[in-house]
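> Kindly generate the corresponding structure for this input.
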Amino acid sequence: MFAAGLRAARPAHGLARRQIKAEHELTTFIRRAAVRAQYREMVRLARDRAKRDGGDVLRQVQAGYRRHRGERDSFAVAQLIAEGRSSLRELRALADDDGGPSAEYEVGVDWPWAAGAAAPAR
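Numbers count the residues shown, from 1 in each chain. The predicted model follows:
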């Protein structure tokens with residue numbers, strides 16, 4: 001009888017293992033989907049950038065993802081995804097940049113740099 005009780009306990013233990021494995025697989029699936037979406041957008045932006053002014057942005061993006069494609073450590077993967085988000089933001093900023101001066105960062109448009117400008121009243 002005691003042995004029969006142990007046999008009955010095994011499927012429950014196996015079930016718990018399967019649930020943990022299923023949760024792990026779901027997390028892995030979600031992370032892979034996020035990384036793939038991030039990669040596709042980065043490649044699209046890098047191609048657009050390369051068409052405008054050449055450069056090797058596309059090659060750098062592809063090399064970065066290839067370098068880390070075998071990573072299995074969940075903490076390292078989370079860090080790489082976060083780094084990818086910041087790189088994606090930078091790439092978006094480059095894509096939005098038309099190459100001309102930005103009024104937001106323009107220096108020297110007011111006194112004393114403007115020609116013929118009067119000194120401010122004190």
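
> All the helices of this structure, residue numbers only.
2-53, 57-67, 74-96 (DSSP state H).

> can you list those helices in CSV and add mean neighbour count?
C-beta here means a position set from N, CA and C on the backbone, and glycine is covered the same way. Listed next are these as CSV, based on neighbours: other Cβ atoms under 10 Å:
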stretch, mean neighbour count
helix 2-53, 12
helix 57-67, 15
helix 74-96, 13
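
> Give the rounded mean pLDDT of stretch 73-87.
The predicted model gives stretch 73-87 an average pLDDT of 91.

> okay, and for the protein, where does confidence drop off?
For the chain, applying pLDDT under 70 flags the ranges 1-22, 97-122.

> Please repeat the previous calculation with a cut-off of 80.
1-24, 52-55, 94-122 (pLDDT under 80).

> ok, residue 34 - contacts?
Going by Cβ atoms under 8 Å, 6 or more residues apart in numbering, residue 34 touches residue 81.

> separation between it and residue 96?
As for residue 34, its distance to residue 96 is 23 Å (criterion: Cβ to Cβ, to the nearest Å).

> Repeat that for residue 26.
35 Å.

> Show me the contact partners of stretch 41-49.
Residues from elsewhere that reach stretch 41-49 (Cβ under 8 Å, 6+ apart): 55, 57-58, 60-62, 84, 87-88, 91-92, 94-95.

> Can you name the two of those that sit furthest apart?
55 and 84 (19.3 Å; Cβ to Cβ).

> contacting residues around residue 64?
Here residue 64 is in contact with residue 87 (Cβ under 8 Å, 6+ apart).

> That should have said residue 57, apologies.
Counted by Cβ under 8 Å, 6+ apart, residue 57 has contacts 46, 49-50, 91, 94.
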